[in-house]
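Undergrad: pasting the sequence and the predicted model now:
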Protein chains: 2
Amino acid sequence: MFEAAKLGRKVDKDIFKEQVPDLRTELLEAQRKLHESNTSVVVIVSGVEGAGKGEVVDRLNEWLDTRGVETFAFWDETDEERERPRYWRFWRTLPARGTLAILFGSWYMDPMIQRMSGKCSEADLEAELARISEFERMLTEDGTLIVKFWLHLPKKEQKKILNKQDREDRKRWKMAPRKDQFDEYYDDFEHMAERIIRGTDSGIAPWYLIEASDARYRDLTIGRTLLHSIQSRLASPRVAPDTTYSHAPSLPSDPNARVTILDHVDLSQSLERAAYKKELKAMQSELTDLAWKAHAQKRSTVLVFEGVDAGGKGGAIRRITKAIDSRLYRTIPVAAPTDEEKAHHYLWRFWRHIPRAGRLSIYDRSWYGRVLVERVEGFASEQEWRRAYQEINEFEEQLEESGVIILKFWLQISKEEQLARFKAREETPYKQHKITDEDWRNREKWDDYKMAVNEMVIRTSTEYAPWTIIPGNDKPFARIEVLKTVRDKLKAELKKDGKQFHTHCKRSR
Amino acid sequence: MFEAAKLGRKVDKDIFKEQVPDLRTELLEAQRKLHESNTSVVVIVSGVEGAGKGEVVDRLNEWLDTRGVETFAFWDETDEERERPRYWRFWRTLPARGTLAILFGSWYMDPMIQRMSGKCSEADLEAELARISEFERMLTEDGTLIVKFWLHLPKKEQKKILNKQDREDRKRWKMAPRKDQFDEYYDDFEHMAERIIRGTDSGIAPWYLIEASDARYRDLTIGRTLLHSIQSRLASPRVAPDTTYSHAPSLPSDPNARVTILDHVDLSQSLERAAYKKELKAMQSELTDLAWKAHAQKRSTVLVFEGVDAGGKGGAIRRITKAIDSRLYRTIPVAAPTDEEKAHHYLWRFWRHIPRAGRLSIYDRSWYGRVLVERVEGFASEQEWRRAYQEINEFEEQLEESGVIILKFWLQISKEEQLARFKAREETPYKQHKITDEDWRNREKWDDYKMAVNEMVIRTSTEYAPWTIIPGNDKPFARIEVLKTVRDKLKAELKKDGKQFHTHCKRSR
């Protein structure tokens, strides 16, 4: 593969000087158009030691209008980053629509270092590359243009350059080899780079192999490639790649087959008042301790509450929060996104609120809005909500890998019970604001929501992040069911010792 | 002072049970109105050990709708927080308009601990209390309601409670005394608490002293006080307190006295092309090294660029960034605030972008918009921009204290030169987008801007964050002036050794 990057191509000084002004003008023009578009651009600068990655990044910053560009290096992880899933630090750097981010190394850095140092296996690397491909596909489908550069040097030249760099300089780089290991290192590295590039070189986010021996050739080529990539993306309407969205069984299209999981929920279950009080007390006392225990073990918990309107989400949530020290939990109500949130992938706003280790987050509605209200009301296109199942599964898998305990609740009530509750709300002064025209409109789409919920549960109930469907007609019964489920899960998870979290490259199971 | 908190007041269980439902209903109703208002609420829960601060916070979370409340404890500082000015972590927690934040301890915690342990002097404490008062005044003037609770216990009761808590529990608290030191500790602590409360008890952000011996009395009193505070704030139109805004000399109101600092700038200065090229090269090479040195010493730099339209800000900035490794700087263009930013104090969006230690941030326009465009165009009320001078000085003082090097540039050109540049822009294809109708409109207000700049420079040029006025008619001259100023300042600052940053309680000089 790398033969193409060892051809000794050069650009004369005069030609460079002559061509740069035009290139710059065109880049600025492209950037201006980008600014008015819905596209964001991620530029990844990677490559071998000594190929001038830093110089390239500086050059791009010189050529572009820096007001629409942010540059990120991933030198060290802060503790705020370490206490969250690995990809949190990358989500933080994703550019808003209309802007550009230059990533130094990016998500390719860790797997490379880890594999080179033998800290992860071939299989781990394979899994990580699959994750990267997924991630890049997801961003691309959302309108992000990803341009990846790999800077390469022939063995001889790299050796020369590394020898020239004094020790001080090299200390900053983890991957620079000791002189006596150079030959072996070069071949290993090249071999591994080839694997990574091949494994993540897709039509939607291609790698560009750049010969880096001559700085002028290198910079000019990169500048032009970036320019053309932006231009062609802005010129042609984005065509969503033809991907399969999920491996879960499809729903029968026959309208007679509209019997769903929800139809099998036994809504008649209930709990006596006395038993409720007793159980509630016992359960809450256990929860108090478990929350502190989770904090001590630095395990975070994510609880997702979705459900029919007036299904009792608020009441169930309050029974949990009452048991937990308020320094340990956060309730996150999910309402309309802010404009900063709208300028990113829809999962961005959930990533940004991921708590530090040892905290419990309770989502009152969640990222599942994408496949519920946004689907039913048509706020998301069919393509958007269809691919959301896989995006969500991937998201939750990453949470789980970093040690987050995940539980998802769907609170179901019957249509009659909902009507009764709506009417009761209208009659209680301090509850009137809880019932709006929208609630009545949603009620008319009862069956559409039922089908959407059914598909959601089928496609996103995973071993690591299961859905629990709660029969909600009887509030005491529902609340105790929720509490029990949370307690049992925490108990089971907090027993586990020596579980490895924050793994790099490696997947934890 | 604390006698009032030792009266042994109690509330019976039955009365508590009877009164809570109404209080809760009213709190929810107040919260709903708050949500529709421009007001945000900060609740501070402080007090002696064992008084039940945690219980109170839990109780408030139980009574309020947690969807509009966030709770923050300040247990530990993350490294991202440590690498920024002290108050950054508090700015992070400030609630958006319409919402409520409950702060455990808050900005009162550190000074108390530091003073108790003798780590800061009386004078330091005094200075810190003045800062707190300023900070709270600023938030209040911006529409934040601050409600501060101090929970107190008589000596005997505290001793009993602390003895009951087992060791494990107490390990979490830095301030719990050893048993044999208790008597001395209690008196010292009470004495110091009294000083802090008196020093920060203002009409706009009063302290409420709460007797905490009886949990029901304590919670009911706090709930009601909070309710009444919110209700009365929402009921009466906010009256800005009568404060003096600055101690700088006022400008003469006589219109004949319109000779400003800017009129004394010698715009005829220029630099030969050859000398420019030579100086540019030398200066940039020095800057390259200085930026790495600053990174090694973990010193951040903030460069602010303001100036007349077409004054050459962009060109000057590019001459700096070209010299610096792009991993070390960020250019921050200041455009219209996002809706999240609009929901906070206008300085919030600048606080949120403060870089970690060792980085250089270049502001292309800045917080000075408040006293420039917002003043001249009437986007800010007179009260708002008048108080901004002091707010900005305070902000920059905090940056400086944490080790940030600050330089501010005003690029001035003559009215004729501006006209020439506007016309040139209109004629150059790739510069046409840089000239808009707004630029022409601003030009008509030339004199208004001149007066605003004059007052800005007078009121905000401080020893630690001076303004440098750059004569900009000759671009080469202006750029070299900027580079020289940056180089000289970095050189001088990076020499200083053993300078103490990230001081707590203490001010660094």
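TA: Everything's here; your move.

Undergrad: looking at chain A, which helix or strand is least sure?
TA: The helix or strand of chain A with the poorest confidence is helix A:167-170; it has a mean of 54 (mean pLDDT, DSSP states H and E).

Undergrad: what about residue A:319, how many neighbours?
TA: 22 (other CB atoms under 10 Å in any protein chain shown). In this view, the C-beta of every residue, glycine as well, is placed from N, C-alpha and C.

Undergrad: quick one: what helix or strand has it in it?
TA: Counting by DSSP states H and E, the element that carries residue A:319 is helix A:313-321.

Undergrad: pLDDT score for residue A:241?
TA: Predicted confidence (pLDDT) for residue A:241: 50.

Undergrad: ugh, wrong one, residue A:221
TA: pLDDT, residue A:221: 94.

Undergrad: re earlier: who touches the next helix or strand after the helix holding residue A:319?
TA: Per DSSP H and E, the first helix or strand lying C-terminal to helix A:313-321 is strand A:329-333. Residues outside strand A:329-333 that contact it (CB atoms under 8 Å, 6 or more residues apart in numbering or on different chains) are A:291, A:317, A:320-321, A:353, A:355, A:359-365, B:66-71.

Undergrad: try 10 Å this time
TA: A:291, A:301-305, A:314, A:317-318, A:320-321, A:323, A:349-350, A:353, A:355, A:359-366, B:61, B:65-72 (CB atoms under 10 Å, 6 or more residues apart in numbering or on different chains).

Undergrad: now the angle from the helix holding residue A:319 to strand A:329-333?
TA: 170 degrees (axes from the mean of the first three to the mean of the last three CA atoms, to 10 degrees).

Undergrad: wait, does helix A:313-321 contact chain B?
TA: Yes - contact between helix A:313-321 and chain B, assessed by CB under 10 Å from any CB of the partner chain, occurs at A:314, A:317, A:318, A:321.

Undergrad: what sits against the residue lying closest to residue A:84 once chain neighbours are set aside?
TA: Distances taken as CB to CB, 6 or more residues apart in numbering or on different chains place residue A:354 nearest to residue A:84, at 5.2 Å, with adjacent residues excluded. The contact partners of residue A:354, by CB under 10 Å, 6+ apart, come to A:83-85, A:87-88, A:91, A:300, A:302, A:361, A:395, A:398-399, A:402, A:404.

Undergrad: now do the buried residues in stretch A:140-154.
TA: A:140-142, A:144-154 (16 or more other CB atoms under 10 Å in any protein chain shown).

Undergrad: what's the nearest residue to the residue nearest to the spatial centre of chain A if we skip its chain neighbours?
TA: Nearest residue to the geometric centre of chain A (CA atoms, centre = their mean): residue A:395, 5.2 Å. Residue nearest to residue A:395 in three dimensions, not counting chain neighbours: residue A:347, with 5.8 Å by CB to CB, 6+ apart.

Undergrad: please determine how far the one you found is located from residue A:366.
TA: Distance, residue A:347 to residue A:366, using CB to CB, to the nearest Å: 11 Å.

Undergrad: helix or strand for residue A:146, which one?
TA: Assigning secondary structure by DSSP H and E places residue A:146 in strand A:144-152.

Undergrad: and the very next helix or strand once past that strand with strand A:144-152, angle?
TA: Heading C-terminal from strand A:144-152, the first helix or strand you meet, by DSSP H and E, is helix A:155-164. Per the same axes, to 10 degrees, the angle that helix A:155-164 makes with strand A:144-152 is 90 degrees.

Undergrad: is any residue of helix A:155-164 near chain B?
TA: No - remark: helix A:155-164 sits outside contact range of chain B, by CB under 10 Å from any CB, the gap being at least 17.5 Å.

Undergrad: and that helix, average pLDDT?
TA: Averaging pLDDT along helix A:155-164 yields 83.

Undergrad: check which helices and strands it sits against.
TA: helix A:182-200 (3 or more CB pairs under 10 Å, 6 or more residues apart in numbering or on different chains; DSSP states H and E).

Undergrad: just the CA trace of the helix it packs on, in PDB.
TA: Coordinates of each C-alpha in helix A:182-200 appear next as PDB, following Å, rounded to 0.1, in the frame of the first residue of the first chain:
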ATOM      1  CA  PHE A 182      14.300   1.200  14.500                       C
ATOM      2  CA  ASP A 183      14.300  -1.300  11.700                       C
ATOM      3  CA  GLU A 184      12.000  -3.700  13.400                       C
ATOM      4  CA  TYR A 185       9.800  -0.800  14.500                       C
ATOM      5  CA  TYR A 186       9.400   0.700  11.100                       C
ATOM      6  CA  ASP A 187       8.200  -2.500   9.600                       C
ATOM      7  CA  ASP A 188       5.800  -3.300  12.400                       C
ATOM      8  CA  PHE A 189       4.400   0.100  12.400                       C
ATOM      9  CA  GLU A 190       3.900   0.200   8.600                       C
ATOM     10  CA  HIS A 191       2.300  -3.200   8.800                       C
ATOM     11  CA  MET A 192      -0.100  -2.100  11.500                       C
ATOM     12  CA  ALA A 193      -0.900   1.200   9.900                       C
ATOM     13  CA  GLU A 194      -1.800  -0.700   6.700                       C
ATOM     14  CA  ARG A 195      -4.200  -2.800   8.600                       C
ATOM     15  CA  ILE A 196      -5.800   0.100  10.300                       C
ATOM     16  CA  ILE A 197      -6.100   2.100   7.100                       C
ATOM     17  CA  ARG A 198      -7.600  -0.800   5.100                       C
ATOM     18  CA  GLY A 199     -10.000  -1.600   7.900                       C
ATOM     19  CA  THR A 200     -11.300   2.000   8.100                       C
END
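
Undergrad: so what's the gap between that helix and the chain middle?
TA: Between the centre of helix A:182-200 and the centre of its chain there are 27 Å (CA atoms, centre = their mean, to the nearest Å).

Undergrad: so which bits of that helix are buried?
TA: For helix A:182-200, by 16+ other CB under 10 Å, it's A:182, A:185, A:186, A:189, A:190, A:193, A:195, A:196, A:197, A:199, A:200.
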